[in-house]
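K.L.:
Return atomic coordinates for the entry below.
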Amino acid sequence: MLQDEIFILKRSLYESEFEFRRLKASYQMLSLECDELKAKNVSYNRRISTTEKVTSELEDCKCSKIELEEKNLRLQWNLTIKEASCHNNAQLKYEVAQIKDWHLRILEGMLCANLFWSSLRTLRLSNKLIASGISSEKLLLDKSMLSSKPKFPMLLVNEPEI
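P.N.:
I've put the predicted structure just below:
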């Protein structure tokens, strides 16, 4: 009986030792697997963090792209306005040049008309003086006084018939 009990206890001890070794081996395998899963978890967390960072940068780039496109449109519009303004300025300069040319032609015409009327007056006055018998020396003196230039520009007035 006592030997039976010792035998049963020894057998139980061997079975327990065997079970302990089996459980220890399982524990080591599970520990290794757990470490691998932790490493994978860290790797996945890094990937997620990198993906979130890249996604955030992409969103920033999209916003920047939209802002740049809007700025580009504004600049193109400003350029179009400036080009139109330059074209308008060139047109205005051309028109001003034409007006100046016309003005000079009008002034030349006025000067010619004034010289014509001045010469006609001088000629009429000379004819009257000659007809009235004034000497030629006196006439030359009077002509030099009459030939003084009129103030420019003068208004053209129709001369009365003599």
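K.L.:
Are there helices or strands packed against the longest helix that the chain contains, and which ones?
P.N.:
In the chain, with assignment by DSSP state H, the single longest helix is helix 2-132. Under the contact criterion of 3 or more C-beta pairs under 8 Å, 6 or more residues apart in numbering; DSSP states H and E, helix 2-132 touches helix 136-146. Every C-beta, even on glycine, is put in place using the N, C-alpha and C of the backbone.
K.L.:
Low-confidence stretches in the chain?
P.N.:
Where the chain drops to pLDDT under 70, the residues are 134-162.
K.L.:
okay, which residue is most central for it?
P.N.:
When C-alpha atoms, centre = their mean is applied to the chain, the residue found nearest the centroid is L75 (3.7 Å).
K.L.:
M110 - how many residues pack around it?
P.N.:
15 (other C-beta atoms under 10 Å).
K.L.:
And it, how far from R22?
P.N.:
129 Å (C-beta to C-beta, to the nearest Å).
K.L.:
Run the chain-centre distance for the longest helix of the chain.
P.N.:
14 Å (C-alpha atoms, centre = their mean, to the nearest Å).
K.L.:
List the buried residues of stretch 1-13.
P.N.:
Within stretch 1-13, no residue counts as buried by 16 or more other C-beta atoms under 10 Å.
K.L.:
How many neighbouring residues does L111 have?
P.N.:
Neighbour count of L111, defined by other C-beta under 10 Å: 14.
K.L.:
repeat for S43
P.N.:
For S43, the count of nearby residues is 10 (other C-beta under 10 Å).
K.L.:
same thing with the one 10 residues further on?
P.N.:
Neighbouring residues of K53 were enumerated by other C-beta under 10 Å; the total is 10.
K.L.:
so who does it touch?
P.N.:
Contact analysis of K53 by C-beta atoms under 8 Å, 6 or more residues apart in numbering lists nothing.
K.L.:
and the gap between it and C63?
P.N.:
16 Å.
K.L.:
same thing with A25?
P.N.:
Going from A25 to C63 by C-beta to C-beta gives 57 Å.
K.L.:
now do I48
P.N.:
23 Å.
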